[in-house]
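>>> below are the sequence and a predicted model; questions follow.
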Amino acid sequence: GQDAEWWRRAVVYQVYPRSFQDTDGDGYGDIPGITRRLDHLDALGVDVVWLSPVYRSPQDDNGYDISDYEDIDPLFGTLEDLDALIAGLHARGMRLVMDLVVNHTSDEHPWFTESRSSTLSPKRDWYIWRPAREVPGLAPGESGTEPTNWGSAFSGSAWQWDEATGEFYLHLFSVKQPDLNWENPEVRAAVYDMMGRWLDRGVDGFRMDVINFISKTYPLADAPRWEGALYGSSFAAVANGPRIHEFLHEMNETVFAPRRRHILTVGETPGVTLADAPLYTDPARGELDMVFQFEHVGLAEGPGGKFDPRPVDMSALKDNLAAWQSALAPAVDDDGRVTGELGWGSSYWDNHDQPRAVSRFGDDDPAWRGISAKTLASVLHLHRGTPYVYQGEEIGQTNTVFTGLDSYRDLESVNHFHERVARGDDPERVLASMMTNSRDNARTPVQWDDGPQAGFTTGTPWIDVTPNYPRVNAAAQVGVPGSVFEHYRALIALRHADDAVALGTFRLLDAGQAASWCVLREHVGADGAREQVLLLASLTREGLALGEGSALRALLAGQGVDLAEWAGAERLLLASLPAEEAPASGVGAPERLEGWDSVVLRRV
Ligand code: TEU
């Protein structure tokens, strides 16, 4: 039913707890800190909070290495603190989605300590153990005897030798993140039981970490070549394995269907293709509500991977998002009325693994930061699919400044540095290559105000605050007309109120153009009433001419959109103007858009 799919109109806000708000002065954000900041989320108007992992963890990968799924890490608080957060969110009409990390556990999880204790352990088969490959001249366990040539996401081989039992275990991520064996039905049952307990406690869904990695392709076999990293050719061997849809359907039947609760499930699915996405998200198949795709963020990577950064080609970006829109487009009748959903997308510019949106896709020069952050927001929120806002994005936070290896915290960056330097690369050059795409860009504290440590902590933060916090902070924006925050607030309210924005069909109008982004959304009501929403955005400092005789006007006309017919259209939002002034700023498309400006028009 309609209400069961409430998330189609929702906006999700991601909290990375260690960087959100500290309340006890230890320099790490905590759960009471999230509860303290609920007014901020309420003012923004988001519907759902996705909370990155807060379970017990040795924190090797900031909580994505879980040693107890049933308890909260003392770094973040207690189960009672989580209950209070859930109650606070629910009291304000918001929901809580937890991170579910079940491709792997921590090596300190009791399941793994038991598994590694003996080859005869009843839990041996809960993880993926393999004997060494026989290689003349090499002793078992030596480099070169790994069962396959797969790289780990965090440098080195994906296999770790266990001296005591004389076998390797698989870890697609860090050595401290052994992969669970989903072929074993006991593993699946244990995970489903654990998920059920969280739902029964009151959580409203799950963001599922690398969920398309849980089904491996057997027999485990070498990738075409060794590239020293997971995201090279090893990838095909591990992602989207043959039983993935069976496992997700089983999870759905076992955990979600019997509870008949209105929950949200989103799969993090690196490497998911246009062809796969509908298989994961078609409601008729009973798997997931939506998935995160990675192709658009991959446009910022060169052939050498994320530490071989490339400026994003905006025309390729736009074409890519449009291809995803087509792959997940609804069924429509001859009048353009949506008659059924065949899948659903999720839209994001950034998260805790990606650099800051305005630095990567916009222009973070102080003169252009605000307006380009607002235009990027308009572009993303005018796409079909559930938008995700990563903490700090709503105030236009930027990438940070790294002064040396000491300013990095992420094991991915730190391991990468040591691996390359050990290989003989120049340390300065390696450091230079890490700045643009390091995950630490997203992990600096939320900039709440211009006070000490940006209001994040009274102590010493676990990672340095980005130096621009005196200019870029929430206190300077919440309730301040024209701010990035108020622009996000207006876009979220628009999605809640407007059928074309939330549910309408999508059409990209200016494919192949790098300087503009023009989108048409359309909704035909049950009574045949037609509503159209048009986005026109400038993606450069130069701006765009839209008047008679302009190239863009002609291009739009060629797509069947005659701006003359929009002369009386309502102006909903202009990035260059406070949201509350935009509707009154005139009707129809302006004669030109200044650099990085954008306009959203509506006509009925
Ligand atoms: O990320 C998985 C993932 O594929 C990436 O985003 C990955 O972190 C990045 O490409 C590395 O370059 C998820 C989590 O979001 C991430 O924080 C965890 O480190 C990872 O899984 C392991 O749990």
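Received, thanks. Please read these numbers as outputs of a predicted model, since none were measured by experiment.

>>> who are the neighbours in contact with the residue of the stretch 351-500 of the chain found nearest the ligand?
Using CB to the nearest ligand atom, the closest approach of the stretch 351-500 of the chain to the ligand is made by Asp353 at 3.7 Å. Bear in mind the C-beta positions are built from the backbone N, C-alpha and C, glycine included. Under the criterion of CB atoms under 8 Å, 6 or more residues apart in numbering, the neighbours of Asp353 are Arg439, Ala442.

>>> and the pLDDT at it?
On pLDDT, Asp353 comes in at 98.

>>> where does it sit: helix, strand or coil?
Classification of Asp353 by DSSP: H, G, I helix; E, B strand; the rest coil places it in coil.

>>> quick check: the gap between the residue nearest the centre of the chain and Tyr390.
Closest to where the C-alpha atoms of the chain average out (CA atoms, centre = their mean) is Asn351, at 4.5 Å. According to CB to CB, to the nearest Å, Asn351 and Tyr390 sit 5 Å apart.

>>> quick check: neighbours shared by those two?
In contact with both Asn351 and Tyr390: Gln14, Ala442, using CB under 8 Å, 6+ apart.

>>> endpoint to endpoint, stretch 521-536 covers what distance?
End-to-end span of stretch 521-536 (CA to CA, to the nearest Å): 12 Å.

>>> now do the buried residues in that stretch.
Within stretch 521-536, the residues that count as buried by 16 or more other CB atoms under 10 Å are Arg521, Glu522, His523, Val524, Glu531, Gln532, Val533, Leu534, Leu535, Leu536.

>>> chain center to stretch 13-32: distance?
The chain centre lies 19 Å from the centre of stretch 13-32; the measure is CA atoms, centre = their mean, to the nearest Å.

>>> just the C-alphas of that stretch, formatted as PDB.
Extracted in PDB, the C-alpha atoms of stretch 13-32 (Å, rounded to 0.1, in the frame of the first residue of the first chain):
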ATOM      1  CA  TYR A  13      20.100  12.100   7.000                       C
ATOM      2  CA  GLN A  14      23.300  10.200   7.800                       C
ATOM      3  CA  VAL A  15      24.900  10.500  11.200                       C
ATOM      4  CA  TYR A  16      28.500   9.400  11.500                       C
ATOM      5  CA  PRO A  17      28.500   9.400  15.300                       C
ATOM      6  CA  ARG A  18      32.100   9.800  16.100                       C
ATOM      7  CA  SER A  19      32.100  13.100  14.300                       C
ATOM      8  CA  PHE A  20      28.700  14.500  15.100                       C
ATOM      9  CA  GLN A  21      28.600  15.800  18.700                       C
ATOM     10  CA  ASP A  22      30.600  14.900  21.800                       C
ATOM     11  CA  THR A  23      28.900  15.400  25.200                       C
ATOM     12  CA  ASP A  24      31.500  13.900  27.600                       C
ATOM     13  CA  GLY A  25      34.600  15.700  26.400                       C
ATOM     14  CA  ASP A  26      36.500  12.600  25.300                       C
ATOM     15  CA  GLY A  27      36.800  14.000  21.700                       C
ATOM     16  CA  TYR A  28      34.500  11.400  20.200                       C
ATOM     17  CA  GLY A  29      30.900  12.100  19.300                       C
ATOM     18  CA  ASP A  30      28.400  10.000  21.100                       C
ATOM     19  CA  ILE A  31      24.700   9.000  21.100                       C
ATOM     20  CA  PRO A  32      23.600  11.600  23.700                       C
END
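
>>> so is that stretch next to the ligand?
No - Stretch 13-32 stays out of contact with the ligand when judged by CB under 6 Å from any ligand atom, the minimum separation being 9.1 Å.

>>> which ones are touching Pro178?
His104, Thr105, Asp107, Phe112, Ser115, Tyr127, Ile128, Gln160, Tyr169, Leu170, His171.

>>> break down the stretch 201-350 of the chain into its helices, ranges please.
235-238, 244-251, 277-281, 295-298, 314-327 (DSSP state H, counting those that start in this stretch).
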